[in-house]
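K.L.:
Compute the structure for the input listed below.
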Amino acid sequence: MKQTQYDLIVRFCKTREYITPMDAFAFLGITKLATRISEMSKKGYIFEKKLFTYTDMFGNSKEYMKYRLIKEPDAKEAATI
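P.N.:
Residues are numbered from 1 along each chain as shown. Purely as a prediction, here's the structure:
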């Protein structure tokens with residue numbers, strides 16, 4: 001059975017502390033991580049979100065989001081969504 005992008009994100013989050021958009025693209029082939037996280041949140045998944053800032057090689061300030069899976073919906077919650 002083919003895994004969904006949700007399945008891939010959950011599996012990745014269980015093996016790592018967090019997932020970033022670059023992780024999602026490089027390891028999972030997911031280009032719209034923020035969209036998937038938003039959809040999953042509506043289905044009962046709970047994520048901690050942290051905004052990180054770094055300086056690129058040209059001195060420009062850049063931001064990216066890190067997501068950490070806190071809780072998956074239980075079977076009863078998932079059935080009602």
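
K.L.:
any chance you could map the strands in the protein?
P.N.:
Assigned strands in the chain, in chain order: 46-55, 61-71 (criterion: DSSP state E).

K.L.:
Just name the most buried of those strands.
P.N.:
Stretch with highest mean neighbour count among the strands of the chain: strand 61-71 (a mean of 14; mean count of other CB atoms under 10 Å). The way it works is simple: take the backbone N, C-alpha and C, and place the C-beta from them, glycine included.

K.L.:
elements contacting that one?
P.N.:
Counting by 3 or more CB pairs under 8 Å, 6 or more residues apart in numbering; DSSP states H and E, the packing neighbours recorded for strand 61-71 are helix 5-15, helix 21-23, helix 33-42, strand 46-55.

K.L.:
nearest to Leu69, of these?
P.N.:
helix 5-15 (3.7 Å; CB to CB).

K.L.:
And that closest one, what's buried?
P.N.:
Residues Gln5, Tyr6, Leu8, Ile9, Val10, Phe12, Cys13 are the ones in helix 5-15 that count as buried (16 or more other CB atoms under 10 Å).

K.L.:
any idea what sits nearest the second one, other than its immediate chain neighbours?
P.N.:
In space, and not counting its chain neighbours, Tyr6 is closest to Met40: 5.8 Å by CB to CB, 6 or more residues apart in numbering.
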